[in-house]
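Colleague: Here is a sequence with its predicted model. Questions after.
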Amino acid sequence: MRVEVVYASNVQPGDWYAGQIVHEAPTTPVQPFAAAFPVSHVELFTGEDGRRYVQIVAERPPELQPRPLPMGVQVIVIRGVAQ
């Protein structure tokens with residue numbers, strides 16, 4: 001198992017999404033979810049603003065899924081987890 005910081009565009013099925021890097025956060029620059037969740041798939045799309053986004057979709061959807069993220073946003077994933 002390893003924890004990696006990757007761009008949202010590099011999240012892959014099988015990763016566990018753990019949070020988003022927010023450099024401008026006043027205290028902790030990492031905004032984690034309450035618990036990591038396994039990624040089923042990712043959907044790439046263009047928003048109304050013309051920017052490219054990634055929607056990370058949970059294997060078993062939790063009540064809170066991350067909002068769509070711009071492709072260049074840094075996120076934390078856990079890889080190599082045996083299920």
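Modeller: Yes, it's here.

Colleague: list the contacts for residue 68?
Modeller: 45, 47, 53, 54, 55 (CB atoms under 8 Å, 6 or more residues apart in numbering). Any C-beta I mention is one placed from the backbone N, CA and C, and that applies to glycine too.

Colleague: one more time with 6 Å
Modeller: Residues in contact with residue 68 (CB atoms under 6 Å, 6 or more residues apart in numbering) are 53, 55.

Colleague: show me where the protein has strands.
Modeller: Assigned by DSSP state E, the strands in the chain fall at 2-7, 16-21, 30-46, 52-58, 69-70, 74-79.

Colleague: Least confident of these, on average?
Modeller: For these, the weakest mean pLDDT is recorded on strand 30-46, namely a mean of 84.

Colleague: buried set for that strand?
Modeller: Buried positions in strand 30-46, judged by neighbour count with 16 or more other CB atoms under 10 Å: 33, 36, 37, 39, 42.

Colleague: Just the buried residues of stretch 59-75, please?
Modeller: Buried-residue list, stretch 59-75, by 16+ other CB under 10 Å: 66, 68, 69, 73, 74, 75.

Colleague: Stretch 9-26 too?
Modeller: Counting neighbours by 16+ other CB under 10 Å, stretch 9-26 gives 9, 11, 15, 16, 17, 18, 19, 20 as buried.

Colleague: Let me have these in a markdown table, extended by distance to residue 60.
Modeller: Below are the buried residues of stretch 9-26 laid out as a markdown table (distance: CB to CB, whole Å):
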| residue | distance to residue 60 |
| --- | --- |
| 9 | 23 |
| 11 | 17 |
| 15 | 14 |
| 16 | 12 |
| 17 | 13 |
| 18 | 16 |
| 19 | 18 |
| 20 | 20 |
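
Colleague: Of the residues you listed, which is the nearest to residue 3?
Modeller: residue 18 (7.3 Å; CB to CB).

Colleague: any idea how far residue 70 is from the closest one?
Modeller: According to CB to CB, to the nearest Å, residue 18 stands 18 Å off from residue 70.

Colleague: swap in residue 51?
Modeller: 6 Å.

Colleague: swap in residue 43?
Modeller: Residue 43 sits 14 Å away from residue 70, going by CB to CB.
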